[in-house]
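Asker: Quick one, what's the 3D model for this:
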Amino acid sequence: QLQLVESGGGLVQPGGSLRLSCAASGFTLDYYAIGWFRQAPGKEREGVSCISNNGGSIYYADFVKGRFTISRDNAKNTVYLQMNSLKPEDTAVYYCAAEQDPSGVCYASHSSYGSWGQGTQVTVSS
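Answerer: Numbers count the residues shown, from 1 in each chain. Prediction:
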């Protein structure tokens, strides 16, 4: 059973940092592109970042460029999202998603991913 579990969310003050983890079980991430998405109350789900199966292709949404860093450790079957300089507008439920694709690309659109985690809440507030 393919499963993704996000962790690392929480409450942080503006300007603070969090590191989200997306741990996979039931399959190996070596052949999967991974995306991070977020959804704030009353808003549509939006793409944050993605990374190809081999880490060679990375995408960041403009609103996180220079603040967030995506990485993966295939040996640990885990993908990370380091979030720095957090802003109140970053408050959302963050989801990771996986799609099997060994070609070295990743996808910014949520419709391209077939497997999703349950999400982790990130709240940025003073």
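Asker: could you give me the average pLDDT of stretch 6-24?
Answerer: Mean pLDDT, stretch 6-24: 98.
Asker: OK, contacts around the residue nearest to the spatial centre of the chain?
Answerer: Closest residue to the average C-alpha location of the chain: residue 36 at 2.5 Å, with C-alpha atoms, centre = their mean. The contact partners of residue 36, by C-beta atoms under 8 Å, 6 or more residues apart in numbering, come to 20, 22, 47-50, 70, 79, 81, 94-97. Every C-beta, even on glycine, is put in place using the N, C-alpha and C of the backbone.
Asker: If we use 10 Å, what do you get?
Answerer: Contact analysis of residue 36 by C-beta atoms under 10 Å, 6 or more residues apart in numbering lists 6, 20, 22, 47-51, 59-61, 64, 68, 70, 79-81, 83, 94-97, 117.
Asker: now swap in residue 56 and tell me
Answerer: Residues counted as contacts of residue 56 (C-beta under 10 Å, 6+ apart) are 104-106.
Asker: Low-confidence ranges, the protein, go.
Answerer: The chain contains no residues with pLDDT under 70.
Asker: One more pass at 90, please.
Answerer: For the chain, the stretches with pLDDT under 90 are 1-2, 27.
Asker: residue ranges for the strands of it, please.
Answerer: Secondary structure of the chain, counting by DSSP state E: strands at 3-7, 10-12, 18-25, 32-39, 46-51, 58-60, 68-73, 78-83, 92-100, 115-116, 120-124.
Asker: Return the most buried member of these.
Answerer: Mean neighbour counts were taken over the strands of the chain using mean count of other C-beta atoms under 10 Å, and the top value, a mean of 24, falls to strand 32-39.
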